[in-house]
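J.: Give me a 3D structure for the following:
(one chain, ligands or ions: 1)
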Amino acid sequence: MQTTAGEIRFQELIDADEKVEPRDWMPDGYRKTLIRQIAQHAHSEVIGMQPEANWITRAPTLQRKMTLIAKVQDEAGHGLYLYSAAETLGISRDEMQQLLHDGKQKYSSIFNYPTLSWADMGTIGWLVDGAAIVNQIALQRTSYGPYARAMVKICKEESFHARQGYSILLALSRGTEEQRAMLQDSIDRWWWPALMMFGPHDSDSANTPQSIEWKIKRVTNDELRQLYIDQTVPQAHYLGCTVPDPDLRFDVDTGHWSIGLIDWDEFWDTVKGNGRLNRERITHKVKAWDDGAWVREAATAYAHKQRTELEKTA
Ligand code: 3HC
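T.: Below you'll find the predicted structure:
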């Protein structure tokens, strides 16, 4: 089969580490992979607002409440940048919502766990946003221009989130015995789910080889997970805490922390919709979408009115 000019140009862009833009020809699989990943990423940002919003009314001080509100609001903004990036690939925001609501597109496994204590607000900021940052720093170099550019702003805000989380945990670590116990309990519950965020081991990751070839992913799941473990374990120790892994060892030969076995049954159960809170999260999301219909209609009608008036004066 003859190679087209579009195919040649696409490969040149990839080889030269330049960005593919919406106007460029791209293979169907490249477009589909990006829609899948960016939509999943956007949905994660939006669904991820639920576990933290749950604690806004119970924040212990006005300062903590303001910071938490700002963080949750940032996540909505991240969702919007990402939906916009996905739209440049030829899918509409409404379609993506429908696919999520019907269980045909995913969101991160991590958001199917409950937030049981105030310490969880700190642990989510530190461990969950911390994991997101490790992944997203690599994604700043992804080959699709709109996705890479969205990542730059998102990463800046995520690093504020990680710091606000760690600041909550530092305060607890210097608090009473009860507060320190709350902190340790929170790390115990979130550690393994945070490691699962990076996805299955490379040997079981169906999408990684092609995504690496297209430079959509720049680093594999296991490489990112290791980077994260190496930077996070000392931070846990600095808090005076441990991570719940009896097999955790520092390997002096490799210079890396090695961990025990991840419970992949729990991971796949959650990914397939049978995690602790999958049903609640989607039910809440669908309700919010339905309740917000009048806002979308009003905004569309207003935009239409503005356009009509502009056309009259043109
Ligand atoms: N949760 C749910 N599903 C997951 C998952 C997770 N943590 N990890 C992997 N999967 C799914 C994949 O989507 C894939 O299923 P599919 O083919 O039906 O879509 C399957 O498991 C096999 O995994 P692969 O490794 O083959 O999939 P990918 O190559 O897509 O790699 C990924 C998975 C590393 C998560 C990649 O998609 C990625 O980097 N995504 C962008 C980052 C992202 O989505 N982050 C969400 C984190 S939360 C967040 O950012 C919010 C912040 O505020 C904290």
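J.: Look up which helix or strand the nearest residue to Arg93 once chain neighbours are set aside falls in, please.
T.: Closest residue in space to Arg93, ignoring its immediate chain neighbours: Tyr83 at 5.0 Å, by Cβ to Cβ, 6 or more residues apart in numbering. (C-beta placed from N, C-alpha, C; glycine too.) Tyr83 is part of helix 62-87, with elements assigned from DSSP states H and E.
J.: hmm, that helix touching the ligand?
T.: Yes: residues of helix 62-87 are located near the ligand by Cβ under 6 Å from any ligand atom, namely Glu75.
J.: how far out from the middle of the chain is that helix?
T.: Taking Cα atoms, centre = their mean, to the nearest Å, one finds helix 62-87 lying 12 Å from the centre of the chain it belongs to.
J.: What residues sit buried inside it?
T.: For helix 62-87, a neighbour-count test (16 or more other Cβ atoms under 10 Å) marks 64, 67-68, 71-72, 74-75, 78-79, 81-83, 85-87 as buried.
J.: re earlier: tell me how far the residue nearest to Arg93 lies from the ligand.
T.: 13 Å (Cβ to the nearest ligand atom, to the nearest Å).
J.: cool, Gly260 as well?
T.: Note on Gly260: its distance to the ligand, by Cβ to the nearest ligand atom, is 19 Å.
J.: That residue: neighbour count?
T.: Neighbour count for Gly260, taken as other Cβ atoms under 10 Å: 12.
J.: tell me the SS of it?
T.: At Gly260, secondary structure determined by DSSP: H, G, I helix; E, B strand; the rest coil is coil.
J.: and it, what is it in contact with?
T.: The neighbours of Gly260, taking Cβ atoms under 8 Å, 6 or more residues apart in numbering as the test, are Asp245, Pro246, Asp247, Leu248.
J.: Pro146 - that's part of a strand, no?
T.: No: counting by three-state DSSP, Pro146 is not part of a strand but helix.
J.: Make 452 the starting number, not 1.
T.: I'll keep to 452 as the first residue from here, and by that count the last item is Pro597.
J.: There's contact between it and Ala536 in this structure, I believe.
T.: Yes: the criterion here is Cβ atoms under 8 Å, and Pro597 meets it with Ala536 at 4.1 Å.
J.: so where do the helices sit in the stretch 552-701 of the chain?
T.: Secondary structure of the stretch 552-701 of the chain by DSSP state H, counting those that start in this stretch: the helices cover 570-574, 580-590, 596-624, 628-647, 659-664, 672-689.
J.: Now these in JSON lines, please, with extra columns for distance to Lys470 and mean pLDDT.
T.: Formatted as JSON lines, the helices of the stretch 552-701 of the chain follow (distance: least, Cβ to Cβ, whole Å; pLDDT from 0 to 100):
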{"stretch": "helix 570-574", "distance to Lys470": "35", "mean pLDDT": "98"}
{"stretch": "helix 580-590", "distance to Lys470": "13", "mean pLDDT": "97"}
{"stretch": "helix 596-624", "distance to Lys470": "4", "mean pLDDT": "96"}
{"stretch": "helix 628-647", "distance to Lys470": "30", "mean pLDDT": "98"}
{"stretch": "helix 659-664", "distance to Lys470": "16", "mean pLDDT": "98"}
{"stretch": "helix 672-689", "distance to Lys470": "21", "mean pLDDT": "98"}
